[in-house]
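Enquirer: My questions concern the predicted model and sequence given below.
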Amino acid sequence: MLALIAADSAVPGYQSAQANHILFKEEEPVECEKTKALITALPKDQQFDAFTSYAKSLSKCPSGSNGGDLGEFGPHQMVAAFDSVVFASGKLQEVEGCVKTQFGQHLIWIRKRVYADGTDEPLP
């Protein structure tokens, strides 16, 4: 199994991640980009709090009431485009997106990733 995970380019040896997201309707790409710009304009130490606040007020997902917290999940438990950002291209502790899926447009904040050997990826 470990060889299969290591060989999968979308999952570079991760066993799990923790992330928050803000879901916008598909027809709201401008709102997604605008929200991303507002968050990233803030000082780095204020961005996560702003992200969770916007999730509570704007997200179309039920997780929005909890700041967009998706809890802990493994590779391939989310739709492909979302999974690819969380486990391959995305950076920890930054706003990622807007990511288009069949559910709409997502902003994603990756809080934590755990390697296959159980150690946490170092935070930036």
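Expert: Yes, it's here. Numbering: from 1, shown residues only.

Enquirer: Kindly indicate whether the closest residue to K100 other than its chain neighbours is helix, strand or coil.
Expert: Distance criterion CB to CB, 6 or more residues apart in numbering; nearest residue to K100, sequence neighbours excluded, is A81 at 6.5 Å. Heads up, the C-betas are built off the backbone N, CA and C, glycines and all. Assigned with DSSP: H, G, I helix; E, B strand; the rest coil, A81 falls in the helix class.

Enquirer: what about A81, distance to K44?
Expert: Remark: distance between A81 and K44 (CB to CB, to the nearest Å) = 26 Å.

Enquirer: How about K56?
Expert: From K56 to K44 the distance is 21 Å (CB to CB).

Enquirer: Tell me, how many residues neighbour E96?
Expert: By the measure other CB atoms under 10 Å, the count of residues near E96 is 20.

Enquirer: mind checking how far it is from D117?
Expert: Counting by CB to CB, the gap from E96 to D117 is 24 Å.

Enquirer: Same question for N66.
Expert: 30 Å.

Enquirer: next one: G90
Expert: With CB to CB as the criterion, G90 and D117 are 20 Å apart.

Enquirer: With neighbour numbers in mind, choose between those two.
Expert: The residue with more neighbours, out of G90 and D117, is G90; 20 against 8, by other CB under 10 Å.

Enquirer: what does the model give the residue nearest to K100 for pLDDT?
Expert: On pLDDT, A81 comes in at 96.

Enquirer: Was I right to think it contacts E96?
Expert: No: using CB atoms under 8 Å, A81 is not in contact with E96; the gap is 11.1 Å.

Enquirer: My read is that V99 contacts D83, right?
Expert: No: contact between V99 and D83 fails when scored by CB under 8 Å: they sit 10.0 Å apart.

Enquirer: beta partners of N20?
Expert: Listed by DSSP bridges, the beta-bridge partners for N20 are D69, W109.
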